[in-house]
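S.K.: I'd like to go over a predicted model; first the sequence, then the structure.
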Amino acid sequence: MTEVPSGQKNAFVQAIKRRQRHLWPWARRHGIEAFRLYDADQGDIPIELDVYGNYLHVCEIEREDTGSALYGPQWRFIMTDIAARTLGVPGERAVTKLRPRRRGGEAADDSLLPSGSIQTWIHEAGLQFRINLTDYLDTGLFLHHRITRGMVADLSMNRNVLNLFCYSGSFSVYAAAGGALSTTSVDLSGNYLRWARENMEANGAIGGMHTYVQQDAMQFLREQKNTGTRYDLIICDPPTFSNSRSMESVFDLKRDHPQLITACLSLLSTNGQLLFSSNTSGFRLRTRDTPRAVNLTNQTIPEDFARSRPHQLWMFDMASSGIKRKPPGDSASSRHGKSVARPRSRNRRPRRQ
Ligand SMILES: C[S@@+](CC[C@H](N)C(=O)[O-])C[C@H]1O[C@@H](n2cnc3c(N)ncnc32)[C@H](O)[C@@H]1O
């Protein structure tokens, strides 16, 4: 059995207790059930510890330099046990994983769910999301985008919303809750699209105005451009790399994001907005429209991620930025054909269809 030095055990317990004292009241005050409690913030304890209601999700982070685990499975199990005991969570509700550095990126994952998976539902802003703690590296809800999701709800009233790289559809759920006229959720993975639909339906977002498209996002954008369809709000949160047999070429965010952003902008209505996000470390925005982009990163890093910089976020606003786009593409030629109201509501419950 790997020995964990008592100094390291104590440091972990103390750090958890400190963060618990700070974050528990904050989470309760804001009705947040899922949050990051410990964020690899002690050099020799490379752990991300997330609370999902009555469950814990504990990841050892691979080393940046070697791309391998500093400690290994036994250390992870001991540290997970320490976290569970410190927080009073039964051991069987604490899940342990190794989080690899994203060398190969997050290719669409269509693997079948193995048996014995641990799943639960988490509430956020009056909405609910299915969480899968065991079958994938990620759980179904990116906790660092909690504020961004609220922003999407605020921007969605009476608007046609496109959610690219939608994963389990959390942005679409917020868009529907914020009063979107329509949502279009695009992902390469059929499994994730089914998850997105399940989350939408669990929140009452049912009906023909909510569509799910299994396709490469770049290909989708190219095809949509020719149809004259326009969107009032586009959320584009791509992976670092993407490669699949169904794609024409490998997607590399650092190389391909200018093209991706241009394609998104060309689908926006006259008053449309693009929220473009990246969680790629060292990512630098490089596009002809960069001066037009408003950097919203600082406003969208939540309290539980204050010590890290898990994402960067920009808004491209057709109305205020002076972004010029070629005719004829504006909302007048939109397939949806509806005028755009400015957003008003905040985290309203979605209407029952
Ligand atoms: C970083 S996650 C997106 C997270 C999501 N925006 C959220 O906050 O919940 C990456 C997603 O992109 C999907 N994906 C990867 N390559 C893709 C591609 N070429 N076209 C469409 N979706 C892709 C994956 O299946 C995965 O669901």
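M.R.: Noted; the coordinates are in hand. Numbering: from 1, shown residues only.
S.K.: Now do the same for residue 73: its pLDDT.
M.R.: With respect to pLDDT, residue 73 scores 87.
S.K.: That one: neighbour count?
M.R.: Residue 73 has 12 neighbouring residues, counting by other C-beta atoms under 10 Å. C-beta: built from backbone N, CA, C; applies to glycine.
S.K.: Equivalent analysis for residue 158, please.
M.R.: By other C-beta under 10 Å, 17 other residues sit near residue 158.
S.K.: again with the one 10 residues further on
M.R.: For residue 168, the number of neighbouring residues by other C-beta under 10 Å comes to 30.
S.K.: Pull up the per-residue confidence for it.
M.R.: 98.
S.K.: repeat for residue 66
M.R.: We have a pLDDT of 69 for residue 66.
S.K.: from here on, count from 22
M.R.: Renumbered: residue one is now 22, and that last one reads residue 87.
S.K.: tell me the SS of residue 232?
M.R.: strand (DSSP: H, G, I helix; E, B strand; the rest coil).
S.K.: Next one: it from residue 277, what distance?
M.R.: Per C-beta to C-beta, to the nearest Å, residue 232 is found 25 Å from residue 277.
S.K.: more neighbours, these two?
M.R.: residue 277 (17 against 14).
S.K.: Contacts only, for the residue lying closest to the more buried one once chain neighbours are set aside.
M.R.: Closest residue in space to residue 277, ignoring its immediate chain neighbours: residue 239 at 7.7 Å, by C-beta to C-beta, 6 or more residues apart in numbering. Applying C-beta atoms under 8 Å, 6 or more residues apart in numbering to residue 239 gives the contacts 268, 269, 272, 277, 280, 281, 284.
S.K.: Residue 239: which element?
M.R.: Here residue 239 sits within helix 238-248, counting by DSSP states H and E.
S.K.: Next, the buried residues of that helix.
M.R.: Within helix 238-248, the residues scored as buried using 16 or more other C-beta atoms under 10 Å are 238, 239, 241, 242, 245.
S.K.: got the contact list for the residue most central in space within the chain?
M.R.: Centroid-nearest residue in the chain, with C-alpha atoms, centre = their mean: residue 163, separated by 4.1 Å. By C-beta under 8 Å, 6+ apart, the contact list for residue 163 reads 188, 191, 300.
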